[in-house]
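Student: mind folding the following:
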Amino acid sequence: MSERLESGSRHLDRILDGGLPLHGINLVMGRPGSGKTILAQQYLFHNATDDRPGLYLSTVSEPIDKILRYGQSLSFFDGAAVGTRVIYEDLGESLNRGGLAESLTKVVGLLRQRQPALMVIDSFKALRAYAADDGAFRHFLHELAGHLSALRTTSFWVGEYDGSEATDAPEFAVADAIVSLGIQRDADRESRVFQVLKLRGSGFVSGKHAYRVSADGIEVFPRLADLGIDATLPPARERITSGVPLFDEMLHDGYWRGASTLVAGPSGAGKTLIAMHFVFCGAQLGERGVFATFQENPAQLERVAQGFSWSLEDRRVELMFRPPVDLYVDEWVYELLDLVERTDAQRVAIDSLGDLRAACGDEVRFREYVYSLLQRCARRNVSVVMTQEASELFGIRQLSELGISHVSDNVVLLQYLRGNSAIKRAITVLKTRGSAHDHRIRQFEITSEGLALGDPFDPGQSLL
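Tutor: Predicted structure coming up:
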């Protein structure tokens, strides 16, 4: 593998199989506002040194003072480095006065004078308007690429290109790497998408990856896709409690360690309570847990917890509350995995999958997210409980969309049943992978102690 230029972002470098090609030509494309300039400056400030500085050349898109003014709002921007370690120059005057020929002369002069390790030309696409014809522009590209290669300078050509130009624009053929920053729309929701279109002589993580632009620069979240659990891992042999003794009996002595459980049912049936039982019971046994939720904020959830003699102040339980508005599933998944690793959590509750599904525009990708997340947790022997709301109050016909029940090791159904004069809550274990379980429907109640299971319904009783 050739030498690499790191970005300072471990997720981005992972997508690029270690980084962009060192001493190569890297084309950064995307529409205005996608973060191209920020990404280029991020590379400059991360890699430039006093001996081998970074050179930023603006053309006729944005003036230098504007680029500097916005750059100062970024955490990686070092004002003391400007003029020494990172140098900004304007090509606009040379372009307007003498076209590509004078601009090339100025660029070559700066390369020889400054001996930069990196050089950015922004916007590179604007240069095409100054060429007399395609032949003249191709000659300019050939000359520029030759000087960059001779001086071993890594360059970034930034431009507002669209996808159709990738097939016929000559600069795309010259580039060693092509990355795209785009915006994808799904109904009223917009998400930012990073994609590697070309990386010469190297592999990379294909597909579309979500990213965010913040004061820390560009943060990319690699597409989560696991092929499966390592076959060499020994099968789980330890049982853990759900927190409800009678429920453990229905599950044939609790969950397998590292297993995933889907709890489905209508609103108010007790799904969140089962998830809380699972996490807080683990905490009482000395196991750290994460409770990830979207709808109930910490104050609301604390009121619920205190009603059952639990508390979010318990240091063994980490609450991860993220509002469902403007939620990036990729970002959320990596944040959850990082939290599990940082806290050495052994139990995770996700309440609920419906909010994740709403934030994901692609139905197939949503199933891949859940599958990959469960695989990674299983490899760490982390047990997961997920809740899923069913749309029907009575006579539930579908547990979950997109086959999430199929990738779960256990499936538990909560439902309402009509009695003679009251509605009753009922629980059924529909599936336990690799284990026996109680198939009977049992009544349960929610008390101040939590979930209280009753006896099974009479086999001859009509249940509606």
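
Student: got the contact list for the residue most central in space within the chain?
Tutor: Closest to where the C-alpha atoms of the chain average out (Cα atoms, centre = their mean) is residue 330, at 2.1 Å. Residue 330 sits next to 209-210, 221-224, 369 when contact means Cβ atoms under 8 Å, 6 or more residues apart in numbering. Where you see a C-beta, it was placed from the backbone N, CA and C, and this is true even at glycine.

Student: one more: residue 387?
Tutor: 262-264, 271-272, 274-275, 349-353.

Student: thinking again about what came up before, so for the one helix or strand the residue nearest to the centre of the chain maps to, what's the average pLDDT?
Tutor: Taking DSSP states H and E as the definition, residue 330 sits inside helix 329-343. Averaging pLDDT along helix 329-343 gives 94.

Student: cool, and stretch 29-44?
Tutor: For stretch 29-44, mean pLDDT is 94.

Student: same thing with stretch 351-371?
Tutor: What stretch 351-371 shows for mean pLDDT is 86.

Student: who touches that stretch?
Tutor: With contact meaning Cβ under 8 Å, 6+ apart, stretch 351-371 is reached by 184, 186-187, 189, 191, 224-226, 262, 271-272, 275, 291-296, 324, 327-330, 332-333, 350, 386-389, 400-404, 407.

Student: only C-alpha atoms, please: export that stretch in CSV.
Tutor: Taking Å, rounded to 0.1, in the frame of the first residue of the first chain, the C-alpha atoms of stretch 351-371 are listed here in CSV:
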residue,chain,number,x,y,z
ASP,A,351,-36.3,2.4,23.3
SER,A,352,-37.5,2.3,20.5
LEU,A,353,-36.7,1.0,17.0
GLY,A,354,-39.6,3.0,15.5
ASP,A,355,-37.7,6.3,16.0
LEU,A,356,-34.6,4.9,14.4
ARG,A,357,-36.7,3.6,11.5
ALA,A,358,-38.2,7.1,11.0
ALA,A,359,-34.8,8.6,10.8
CYS,A,360,-33.5,6.2,8.2
GLY,A,361,-34.7,6.9,4.6
ASP,A,362,-33.7,3.5,3.2
GLU,A,363,-35.6,0.5,4.5
VAL,A,364,-33.0,-2.0,3.5
ARG,A,365,-30.2,0.1,5.2
PHE,A,366,-32.3,0.2,8.4
ARG,A,367,-32.3,-3.6,8.6
GLU,A,368,-28.5,-3.6,8.0
TYR,A,369,-28.0,-1.0,10.8
VAL,A,370,-29.9,-3.1,13.3
TYR,A,371,-28.3,-6.4,12.2
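
Student: how about that stretch: buried residues?
Tutor: For stretch 351-371, burial by neighbour count (16 or more other Cβ atoms under 10 Å) applies to 351-357, 359-360, 365-371.

Student: go on, stretch 19-31?
Tutor: Buried residues in stretch 19-31, counted by 16+ other Cβ under 10 Å: 19-30.

Student: could you dump those residues into TSV with secondary structure added?
Tutor: Putting the buried residues of stretch 19-31 into TSV (DSSP: H, G, I helix; E, B strand; the rest coil) gives the following:
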residue	secondary structure
19	coil
20	strand
21	strand
22	coil
23	coil
24	coil
25	strand
26	strand
27	strand
28	strand
29	strand
30	strand
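
Student: residue 415 pairs with what?
Tutor: Residue 415 forms beta bridges with residue 426, as assigned by DSSP bridges.

Student: and it, how close does it get to residue 437?
Tutor: From residue 415 across to residue 437, the span is 17 Å (Cβ to Cβ, to the nearest Å).

Student: quick one, what contacts residue 182?
Tutor: Residues near residue 182 by Cβ under 8 Å, 6+ apart: 30-31, 34, 192-195.

Student: counting neighbours, which of those residues comes out on top?
Tutor: residue 194 (26 neighbours; other Cβ atoms under 10 Å).

Student: ok, that residue - contacts?
Tutor: Contacts of residue 194 (Cβ under 8 Å, 6+ apart): 12, 15, 179-182, 208-211, 218, 220.

Student: and these, which is closest to residue 244?
Tutor: Nearest to residue 244, judged by Cβ to Cβ, of the contacts of residue 194 is residue 210 at 37.4 Å.

Student: pop the domain breakdown of the chain in here.
Tutor: As assigned by automatic domain parsing, the chain contains the domains 4-221, 239-456.

Student: which of these has the lowest average pLDDT?
Tutor: In terms of average pLDDT, domain 239-456 trails the rest of the domains of the chain, at a mean of 88.

Student: residues making contact with stretch 299-310?
Tutor: Contact with stretch 299-310 is made by 272-273, 276, 280, 291, 293, 296, 311-312, 319, 321, 448-450, as judged by Cβ under 8 Å, 6+ apart.

Student: one more: stretch 407-420?
Tutor: Contacts for stretch 407-420 (Cβ under 8 Å, 6+ apart): 251, 255-256, 259-266, 269-271, 274, 367, 370-371, 374, 386, 390, 393-394, 396, 399, 405, 423-434, 463-464.

Student: now do stretch 211-223
Tutor: Counting by Cβ under 8 Å, 6+ apart, 8-9, 11-12, 14-15, 35, 38-39, 41-42, 73-76, 181, 192-194, 205-210, 328, 330-331, 333-334 sit against stretch 211-223.

Student: can you get me the start-to-end distance on that stretch?
Tutor: One end of stretch 211-223 to the other measures 10 Å (Cα to Cα, to the nearest Å).

Student: only the buried residues of it, if you could.
Tutor: Residues of stretch 211-223 classed as buried by neighbour count (16+ other Cβ under 10 Å): 211-213, 217-223.

Student: and those residues, which two are furthest apart?
Tutor: Maximum pairwise distance in those, criterion Cβ to Cβ, is 19.9 Å, between 217 and 223.

Student: sort out for me which of the contacts of residue 387 are in helices.
Tutor: 271-272, 274-275, 353 (DSSP state H).

Student: the stretch 251-400 of the chain: strands as residue ranges?
Tutor: For the stretch 251-400 of the chain, strands defined by DSSP state E, counting those that start in this stretch occupy the ranges 255-256, 260-265, 289-293, 317-321, 347-351, 383-389.
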